[in-house]
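K.L.:
The following comprises the amino acid sequence and a computationally predicted model.
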Amino acid sequence: MKKLGVLDKVIFILNLIAAFALLLSFLLPYVPPRSFPLLSVLSLAVPILILTNIIFLIFWAIRFKRQFLLSLFVLILGYKYVFAWVQFSEENYAGSASELVLMSYNVRMFNSYKWTEQKNIPEKISEFIKEKAPDILTTQEHAINVSNVKELFPYQYIVLKEKASEFGSGIFSKFPMINKGSVDFPEDGNNNAIYVDVVKSEDTLRVFNVHFQSLNIQPAISDLQKEDSKKLIGRIGYGFSLQQNQAEMLIAAIESSPYRTIVMGDFNNTAFSYIYQKIKADKFNDAFLEVGSGFGKSFDLNYFPLRIDFALIDKALKINSFEVFPVEYSDHFPIVTKIEL
């Protein structure tokens with residue numbers, strides 16, 4: 001520090017703050033949101049903290065300053081975090097005749113409230129699903145009687161948690177469903193988890209469709225800037241606390257499954273969070289981490305690669321491919337995973 005100029009000292013202090021914040025975030029998977037709800041909000045900022053520390057590292061390195069070691073040390077210590085944010089895949093998967101194609105898509109009520117001026121959103125979503133031809137589809141914020149998605153699948157299970165709900169969750173399948181159920185989160189609202197047991201040939205899979213507590217984050221950064229920061233952070237922290245309750249209910253349902261299990265859906269949280277780590281545990285592989293590439297951005301937040309939609313696949317199943325399709329028919333992008341039974 002003694003050999004640094006005044007400006008460099010200021011920059012290094014900012015570097016210290018960013019490095020400490022990233023270091024602190026490494027604790028998030030182990031800290032229950034109910035205990036420290038405000039700390040859990042930091043999970044949303046982890047991608048920014050990673051990028052900021054990379055910038056600081058490069059800044060000091062190109063100037064041959066040993067201060068680059070600070071961010072380098074923190075990034076190496078949290079290398080798993082870095083690769084949970086971005087993946088580098090060189091394989092081009094050619095496909096398999098025996099694979100099962102899975103899709104998860106938050107359809108935002110098929111544009112019932114005209115959030116976009118694009119025309120014929122229900123038809124576009126249905127055409128996209130038809131084109132990708134998933135064997136099993138899970139949808140969140142599914143408004144009934146708005147699209148013809150259900151006409152694409154012979155088997156379906158749609159749940160509106162409350163009779164007056166405008167939307168709910170759906171699971172659609174090309175294969176028979178021998179059992180169906182709902183976890184029924186106790187909180188008010190439409191967030192919930194449902195499941196079905198799907199039979200393909202002699203194999204039975206339990207498929208969960210999850211939509212954890214919404215945080216009501218607007219896709220546009222300008223909209224977030226209009227909100228009072230204390231109220232925004234407080235609301236997000238409270239939402240994460242509710243998500244912990246919901247995750248515990250989901251984990252209990254997963255543990256009671258007699259079959260190999262798949263969990264897909266909108267977690268409204270990141271891979272750096274407590275609930276993600278608790279659900280994934282040692283039972284599942286994250287399809288993006290196994291075979292994905294890029295940032296896996298699934299929520300259309302301006303200039304920010306936020307991955308909050310997941311496909312967690314039982315470790316007894318082989319994952320062939322994972323892809324996010326950035327089609328702007330919703331505020332979420334659909335994710336498609338191909339697996340081998």
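P.N.:
Nice, thanks for sending it over. Just so it is clear, the structure is predicted and the values come from calculations on it, not from any experiment.

K.L.:
Now for Asn191: which residues touch it?
P.N.:
161, 185, 211-214, 246, 268 (C-beta atoms under 8 Å, 6 or more residues apart in numbering). For every residue, glycine as well, the C-beta is placed using N, CA and C.

K.L.:
could you check the distance from it over to Lys283?
P.N.:
Computed with C-beta to C-beta, to the nearest Å, the distance linking Asn191 and Lys283 is 22 Å.

K.L.:
Name the spans of this structure whose pLDDT lies under the cut-off.
P.N.:
The chain contains residues with pLDDT under 70 at 1-2, 90-95, 164, 216-229.

K.L.:
can you map out the strands along it?
P.N.:
100-106, 136-142, 155-159, 168-173, 177-182, 192-200, 203-211, 260-266, 284-286, 309-314, 318-324, 335-340 (DSSP state E).

K.L.:
Direction included, what does the last one pair against?
P.N.:
Take DSSP bridges as the rule and strand 335-340 pairs in its sheet with strand 100-106 (antiparallel), strand 318-324 (antiparallel).

K.L.:
of all those strands, which lies closest to Leu70?
P.N.:
Set against Leu70 and scored by C-beta to C-beta, the strands paired with strand 335-340 come closest in strand 318-324, at 32.9 Å.

K.L.:
roughly how far is the closest one from the heart of the chain?
P.N.:
15 Å (C-alpha atoms, centre = their mean, to the nearest Å).

K.L.:
Same question for stretch 31-48.
P.N.:
15 Å.

K.L.:
again, but for stretch 178-186
P.N.:
Counting by C-alpha atoms, centre = their mean, stretch 178-186 comes out at 21 Å from the chain centroid.

K.L.:
For it, which outside residues touch it?
P.N.:
157, 159, 161, 191-199, 204, 213, 245-246, 249-250, 253.

K.L.:
cutoff 6 Å now
P.N.:
Outside stretch 178-186, the residues that touch it by C-beta atoms under 6 Å, 6 or more residues apart in numbering are 157, 159, 191-197, 199, 246, 249-250, 253.

K.L.:
Ends of it, what's the gap?
P.N.:
Using C-alpha to C-alpha, to the nearest Å, one end of stretch 178-186 lies 26 Å from the other.

K.L.:
With stretch 319-338 instead?
P.N.:
Counting by C-alpha to C-alpha, the terminal residues of stretch 319-338 are separated by 6 Å.

K.L.:
and Val324, what is it in contact with?
P.N.:
296, 298, 333, 335.

K.L.:
Contacts only, for the first one.
P.N.:
When you say that, I think you mean Gly296. 288, 307, 324.

K.L.:
give me that answer again for 7 Å
P.N.:
Listed by C-beta atoms under 7 Å, 6 or more residues apart in numbering, the contact set of Gly296 reads 87, 288, 307, 324.

K.L.:
follow-up on the earlier one: export the contacts of stretch 178-186 to CSV and append columns for distance to Phe110.
P.N.:
As requested, these are arranged in CSV below (distance: C-beta to C-beta, whole Å):
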residue, distance to Phe110
Tyr157, 18
Val159, 17
Asn191, 18
Asn192, 18
Ala193, 21
Ile194, 19
Tyr195, 23
Val196, 22
Asp197, 27
Val199, 29
Gln246, 24
Met249, 28
Leu250, 26
Ala253, 28
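
K.L.:
and of those, the nearest to Leu4?
P.N.:
Among these, and counting by C-beta to C-beta, the member closest to Leu4 is Gln246, at 48.2 Å.

K.L.:
Would you agree that closest one is in contact with Val210?
P.N.:
No: using C-beta atoms under 7 Å, Gln246 makes no contact with Val210, being 8.3 Å away.

K.L.:
Show me which of those two is the more surrounded one.
P.N.:
Val210 (29 against 23; other C-beta atoms under 10 Å).

K.L.:
what pairs with the more buried one across the strands?
P.N.:
Ala193, Gly265.

K.L.:
Val183 versus that one, what's the distance?
P.N.:
The value you get for Val210 to Val183, if C-beta to C-beta is used, is 8 Å.

K.L.:
Helices of the chain, start to end?
P.N.:
6-25, 37-40, 46-61, 68-77, 79-85, 121-132, 221-226, 229-255, 274-280, 287-291 (DSSP state H).

K.L.:
Can you list the helices and strands that the fifth one packs against?
P.N.:
Right, the one you point to is helix 79-85. With contacts taken as 3 or more C-beta pairs under 7 Å, 6 or more residues apart in numbering; DSSP states H and E, helix 79-85 sits against helix 46-61.

K.L.:
Kindly report the same for the last one.
P.N.:
Judged by 3+ C-beta pairs under 7 Å, 6+ apart, helix 287-291 is in contact with strand 318-324.

K.L.:
Determine the residues that are contacts of both of Val210 and Val183.
P.N.:
Joint contacts of Val210 and Val183 (C-beta under 7 Å, 6+ apart) are 193, 250.

K.L.:
How is this protein divided into domains?
P.N.:
6-85, 100-340 (automatic domain parsing).

K.L.:
Pick the most deeply packed of those.
P.N.:
domain 100-340 (a mean of 19; mean count of other C-beta atoms under 10 Å).

K.L.:
now do the same end-to-end measure for it.
P.N.:
By C-alpha to C-alpha, one end of domain 100-340 lies 6 Å from the other end.
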